[in-house]
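Chemist: Next come a sequence and a model predicted from it.
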Amino acid sequence: MFRVLHTTFLVCFFLCSALGHAEDLKIGGYLDLYYLYNFNKPAPVTPPDSSHLAMPTPNNQYRVFDVYHDNMDLALAELTLQKKQDDVTIFLAFDFGHNADILSPNDEVTKHVSQAYLSYQPHQLPQLTLLAGKMLTHMGLEVPRAKDNWNYSRSLLFGYAFPFWHTGIGAKYALFDGVLTVSAYLYNNTQGLYATNRSKTIGAQVQYVPTKELTFIYNFLSGPEADTAGNTRTRAVHELIGKYEITPNFALAADGALGSLRRFYADGKPGIWLSGYVALKWKLGFFSLSPRYEVYVDKSGATIQLEGVNTPAVPQRLDSQTVTASFDCGSGFETRLEFRRDHSTANVFVNGNDRLLSSQSTVTGALLYEF
């Protein structure tokens, strides 16, 4: 880890020197710390040995980043650099902490570079933006940084219905003064650094903003992917998002997705999943309250609990209820307190006696800082 940090420091130093004057360079930082208590009291994790310094196996089931019970955790430490020169902008994000490992579990090459892309917006045609590099997916309403979401924990939709990031190219075109924006993407893979299939993954987005308070988004992603047995299947996901700022202090958001995996069957059921959630945000001064309700139906176990070497896939329906209280302490510092309950039609949650249960309830406290 010291070598990684040392190398990153040198890279950042030389980049800052090479990218030009300080007034043209935007430097940002972000820190995410949390503590979570799971009322099922799962057994403590087994620490990694010196020969295999990987993340311990999570003891909270079906969570994206908040994966450890009774643990004070460094979720994310991030440094961002952005430089705009004429029509070209470069953006770099260096990530450390458990979130970096979760975002890129099989990518040691660029794991600590969560984003690195160029964008080109010609001044002769400012409606057009071209992108190339490693970037977060265009799918979903939530993003990896908790501070940019209404809730601290990410939804099941974020964690299982979509990939986290891609390497590829994209183009955006804004129409009618930004009321309608159409985007198209070409990625190496559904998620990953390399082109492991004979054809690429394609993505598309249509964003409609009739008023500044109302936003509608349609997202699409489709591409081939190979399983561990070498079978190639086509994954396709359709998503609809709506967001409405009813008043400056009260907003509503909804996100729904339908996905399929062709030629995938478990228990005779096709690889189809659908998910959706509704969330509210009420703000009063420095305090805000954000409830979220979600349903995730995985008809064949194609996304959440996949088939293992000795274990079958688990078809199930999950319901999740989350309430997040946020306190804006000023100067980029924020604290959050969250209660969440997940319930499944299958016994998939584990307690400290290795007994399987149908539900899991947690409470989380988080400290978030951004500059």
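Modeler: Looks like it came in fine. Numbering: from 1, shown residues only.

Chemist: mind listing the strands for the stretch 1-150 of the chain?
Modeler: Assigned by DSSP state E, counting those that start in this stretch, the stretch 1-150 of the chain shows strands spanning 25-38, 71-85, 88-96, 113-120, 128-136.

Chemist: What residues does Ser155 make contact with?
Modeler: Residues in contact with Ser155 (Cβ atoms under 8 Å, 6 or more residues apart in numbering) are 142, 255, 275, 277, 292, 294, 320. Every residue, glycine included, has its C-beta placed from N, CA and C.

Chemist: tell me which of those residues is nearest to Leu306?
Modeler: Using Cβ to Cβ, Ser275 is the member of the contacts of Ser155 that sits closest to Leu306, with 16.0 Å.

Chemist: what's the distance between the closest one and Asn188?
Modeler: Using Cβ to Cβ, to the nearest Å, Ser275 is found at 25 Å from Asn188.

Chemist: swap in His98?
Modeler: Separation of His98 from Asn188 (Cβ to Cβ) stands at 25 Å.

Chemist: what's the answer for Glu225, then?
Modeler: Using Cβ to Cβ, Glu225 is found at 11 Å from Asn188.

Chemist: again, but for Leu180
Modeler: According to Cβ to Cβ, Leu180 stands 28 Å off from Asn188.

Chemist: Equivalent analysis for Thr232, please.
Modeler: Distance, Thr232 to Asn188, by Cβ to Cβ: 15 Å.

Chemist: who touches both of Glu225 and Asn188?
Modeler: Contacts common to Glu225 and Asn188, judged by Cβ under 8 Å, 6+ apart, are Thr196.

Chemist: before we move on, back to that, compare Ser275 and Asn188 (neighbour count), which wins?
Modeler: Taking neighbours as other Cβ atoms under 10 Å, Ser275 and Asn188 compare with Ser275 leading, 26 against 19.

Chemist: quick one: Tyr218 from His238, how far?
Modeler: From Tyr218 over to His238 the distance is 8 Å, taken as Cβ to Cβ.

Chemist: correction: Glu307
Modeler: Using Cβ to Cβ, one obtains 24 Å as the distance from Glu307 to His238.

Chemist: Centroid-nearest residue for the protein?
Modeler: The centroid of the chain falls nearest to Pro144 when counting by Cα atoms, centre = their mean (4.1 Å).

Chemist: looking at it, that residue is touching Gln115, isn't it?
Modeler: No - using Cβ atoms under 8 Å, Pro144 and Gln115 do not qualify as a contacting pair, with a distance of 9.7 Å.
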